[in-house]
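Asker: Pasting the sequence and the predicted coordinates here, then a few questions.
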Amino acid sequence: MPEIEPEDKSLKSLKGLHLWHAPMSSCSQRVRITLAERGVAFTSHVINLEKDEHASADYQRIHPKGLVPALVDDGHVIIESIDIIGHIAGKDSPLAKVSSSKLLDMADAAQLDLKLLTFEFLFRAGQPPSQENAKAFENSHKNEWLQQFRKDFAKGFDKDRINDAIARTDEGFQSLNKVLSDGREYLEGTEFTLSDIAWMPNVHRFKLMDWPFERTPHVLKWFEKISKRPSYQEALLNWQAEPAIKAFSAYTKKRKEEGTDVRSFPHFLS
Ligand SMILES: N[C@@H](CCC(=O)N[C@@H](CS)C(=O)NCC(=O)O)C(=O)O
């Protein structure tokens with residue numbers, strides 16, 4: 001359901017493309033990549049997730065779930081990154097030439113596991129929020145699922161929950177590997193499409209936590225090729241905060257030394 005009726009009615013008079021996004025959110029990355037591939041200019045509204053700007057009353061009047069990204073195109077408000085990239089690609093562009101929505105749906109469904117594993121294996125590198133900030137978030141963000149997720153993270157995720165997310169993520173990458181195993185260049189065949197864009201940020205994200213991509217060599221080869229595209233640099237790498245990337249890398253090394261990294265979970269040991 002891509003288009004929504006916003007609570008903030010002023011959005012309806014906005015002209016052109018406006019994107020509310022976060023620099024390192026995977027859902028925002030795929031939208032920016034699509035915009036870069038299409039060469040379309042947009043007005044950028046950065047939401048700082050680290051500062052909980054998505055919990056502001058103003059932002060929750062734009063996106064009813066208080067999540068990024070949100071796009072406004074000439075007054076039409078569209079949420080859900082997979083719907084947004086479809087909207088930006090339009091019906092007739094080469095990017096839109098996908099045989100079915102299967103790979104897009106899979107990327108969409110992979111989001112919750114990506115989130116859990118990102119928080120566990122990368123975001124734990126940072127300081128937990130102060131009690132005051134945690135309380136402020138609890139009092140202002142209306143998304144109950146997100147509230148519970150934050151509490152679970154603070155308590156420590158259950159090991160089985162992490163392992164199950166790892167297993168499903170591995171299954172997703174194995175499926176991509178199978179698709180690519182006939183030697184095709186791109187997920188849909190000979191052309192770079194939205195299916196490739198939808199999965200690009202996921203591979204990028206899991207590489208940060210030293211995911212065992214040697215299990216899926218076709219995915220590695222595909223990613224090596226598509227990550228040379230200017231859109232990857234412009235829309236993903238250029239938005240990364242280098243101190244955060246350094247902190248993720250140091251934390252991944254630490255987890256590895258402790259034997260608690262992603263590879264140490266039962267799914268990869270059995
Ligand atoms: N299905 C949604 C997921 C949106 C989503 O989960 N966004 C994340 C960033 S990728 C977010 O806003 N997270 C805020 C938080 O975790 O507090 C989409 O594809 O747009």
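Answerer: Structure's in. What do you need?

Asker: Now do P128: how many residues are near it, please.
Answerer: Neighbour count for P128, taken as other Cβ atoms under 10 Å: 11. Using the backbone N, CA and C atoms, a C-beta is placed for each residue, glycine as well.

Asker: distance of it from N48?
Answerer: Distance of P128 to N48, given as Cβ to Cβ, to the nearest Å: 18 Å.

Asker: swap in K65?
Answerer: When distance is defined by Cβ to Cβ, K65 is 18 Å away from N48.

Asker: which stretches of the protein form strands?
Answerer: Secondary structure of the chain (DSSP state E): strands at 3-4, 17-21, 43-46, 70-73, 76-79.

Asker: the more surrounded of K65 and N48?
Answerer: When neighbours are counted by other Cβ under 10 Å, K65 and N48 differ, and K65 comes out ahead with 16 against 10.

Asker: contacting residues for the nearest residue to that one once chain neighbours are set aside?
Answerer: Counting by Cβ to Cβ, 6 or more residues apart in numbering, N143 is the residue found nearest to K65 once chain neighbours are left out, at 5.2 Å. Contacts for N143 (Cβ atoms under 8 Å, 6 or more residues apart in numbering) come out as 65-67.

Asker: for L104, same thing?
Answerer: 82, 86, 98, 194-195, 198.

Asker: so which of those are also by the ligand?
Answerer: I82 (Cβ under 6 Å from any ligand atom).

Asker: which one of the contacts of L104 sits closest to the ligand?
Answerer: For these, the closest approach to the ligand (Cβ to the nearest ligand atom) belongs to I82, at 5.9 Å.

Asker: Give me the local confidence score for that closest one.
Answerer: Note for I82: predicted pLDDT of 98.

Asker: residues in contact with it?
Answerer: I82 neighbours (Cβ under 8 Å, 6+ apart): 30, 104-105, 107-108, 198.

Asker: and if you look at A36?
Answerer: Contacts for A36 (Cβ under 8 Å, 6+ apart) come out as 230-231, 234-235.

Asker: Map the structural domains onto the sequence of this protein.
Answerer: Domain assignment for the chain, taken from automatic domain parsing, gives 3-95, 96-269.

Asker: Which stretch among those domains is buried most, on average?
Answerer: domain 3-95 (a mean of 18; mean count of other Cβ atoms under 10 Å).

Asker: and it, how far apart are its ends?
Answerer: 20 Å (Cα to Cα, to the nearest Å).

Asker: again, but for stretch 121-139
Answerer: End-to-end distance (Cα to Cα), stretch 121-139: 27 Å.

Asker: I appreciate the help and will end here.
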